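In: Take this sequence and fold it.
(2 chains)
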Amino acid sequence: MAGLIDLANPTRFMRLAALLLPWLVGAAAVLLAVGFYLAWFVAPADYQQGETIRIMFVHVPAAWLALMFYSVMSLSALGTLVWRHPLADVAQKAAAPIGAGFALICLLTGAFWGKPMWGTYWVWDARLTSVLVLFLIYLGIMALWRTLDEPSRAGRAVAILTLVGFVNVPIIKFSVDWWNTLHQPASVLRMGGPTIHPSMLWPLLILATGFTCLALALHLGAMRAEIMRRRVRTLTILEAERLDRLATQGSPA
Amino acid sequence: MSSLGPHAGFILASYAAVVVVLGGLILAVILDHRAQKRALADLEQRGAGRRSERRTS
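Out: Next comes the predicted model:
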């Protein structure tokens, strides 16, 4: 908690983020290069799904990251509402487009995988529908940020919406257990360990770590931009007030 | 291409979607960062921050 309080200082955060960013980008580049090499040239084709199993290597990390970023946003929402941490709503605002991007990748790659395997791009089953709802919640949150001008007011409104939307996260995770779905049940993050062969599991885990590093780098970059946007906003208001005051002083009584 | 089997189009479309969406995100973050940095530098060059600090102190 002390570390989080230290980071409440935006200048300190900007310095730390600038230090971390090149390492995260470097780690992402190496992990993605190794992961894609293993996924394309070492991992075998699946005995049932054939070469379409290559889609899994981008579809599954995208699904995990879409959920992870929503969970990060929910924690940030608590930070905004409970602890009033100055960077919490910055983190939340910066995370939304990234989470939406991964949710979109998950939906698109799922459709491209579904057509050859299930015979359809889309079906209204519980897993697919709940991920679509997640994507729409992301879009709603991004729209709400744009609707309200004042960042702290917008932050509180978005925080409430984010926490309400969090109910969808366990629904997505357990939808394949609670309902009969066309989507297969979990084969990696499950009680009893993964059911997927190590020749496919390792590339998947390496790629998931690489995408996570990339997503964190994007998040830090977007947070830095958001902090600067708020400084620009404050300075612009102060400058406008100063010019207004000068104009009032200069005008005849 | 032929080594990807009969569903090569779906596999390539999936990877193209990843490149387009992630490429767009990366580009958006970099451009936004640059724009805010430039705007902040312009304001500071005009002395907006310094003058306001002097006024409030």
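In: how about the residues of chain B near chain A?
Out: Counting by Cβ under 8 Å from any Cβ of the partner chain, the positions of chain B adjacent to chain A are B:3-8, B:10-11, B:13-15, B:17-18, B:21-22, B:24-26, B:28-30, B:32-33, B:36-37, B:39-40, B:43-44, B:46, B:48-49, B:51-52, B:55. Any C-beta I mention is one placed from the backbone N, CA and C, and that applies to glycine too.
In: Just the buried subset of those residues, please.
Out: Buried positions within these, assessed by neighbour count (16 or more other Cβ atoms under 10 Å in any protein chain shown), are B:4, B:7, B:10-11, B:13-15, B:17-18, B:21-22, B:25-26, B:28-29, B:32-33, B:36, B:39-40, B:43, B:48-49, B:52.
In: Low-confidence stretches in chain A?
Out: Low-confidence segments of chain A, defined by pLDDT under 70, span residues A:1-8, A:188, A:190-191, A:251-253.
In: could you point out the longest helix in it?
Out: Longest helix in chain A, counting residues (DSSP state H): helix A:198-250.
In: Does residue 22 lie in a helix or a strand, and which?
Out: Picking chain A for this. Take DSSP states H and E as the rule and A:Pro22 turns out to sit in helix A:10-37.
In: Let me rephrase: I mean chain B.
Out: helix B:8-45.
In: Show me what that helix is packed up against.
Out: If you count contacts as 3 or more Cβ pairs under 8 Å, 6 or more residues apart in numbering or on different chains; DSSP states H and E, helix B:8-45 packs onto helix A:56-78, helix A:88-118, helix A:198-250.
In: element containing A:Thr181, please.
Out: A:Thr181 belongs to no helix or strand, assigned by DSSP H and E.
In: sorry, back to before: contacts (any at all) between chain B and the helix holding A:Pro22?
Out: No. Contact of helix A:10-37 with chain B (Cβ under 8 Å from any Cβ) is absent, the minimum separation being 9.2 Å.
In: Hey, what's the angle from that helix to helix A:198-250? Just curious.
Out: Here the directions of helix A:10-37 and helix A:198-250 differ by 150 degrees (axes from the mean of the first three to the mean of the last three Cα atoms, to 10 degrees).
In: Excluding chain neighbours, give the residue nearest to residue 10 in space.
Out: Let's take chain A. Nearest residue to A:Pro10 in three dimensions, chain neighbours excluded: A:Ile227, at 5.0 Å (Cβ to Cβ, 6 or more residues apart in numbering or on different chains).
In: nope, chain B
Out: B:Phe10's closest residue in space is A:Phe112 (Cβ to Cβ, 6+ apart), at 4.5 Å.
In: need the helices and strands packed on helix B:8-45 in TSV with mean neighbour count, can you?
Out: Putting the helices and strands packed on helix B:8-45 into TSV (neighbours: other Cβ atoms under 10 Å in any protein chain shown) gives the following:
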stretch	mean neighbour count
helix A:56-78	23
helix A:88-118	23
helix A:198-250	18
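In: For A:Leu182, which of those is the nearest?
Out: Of all the helices and strands packed on helix B:8-45, helix A:88-118 sits nearest to A:Leu182, with 5.8 Å by Cβ to Cβ.
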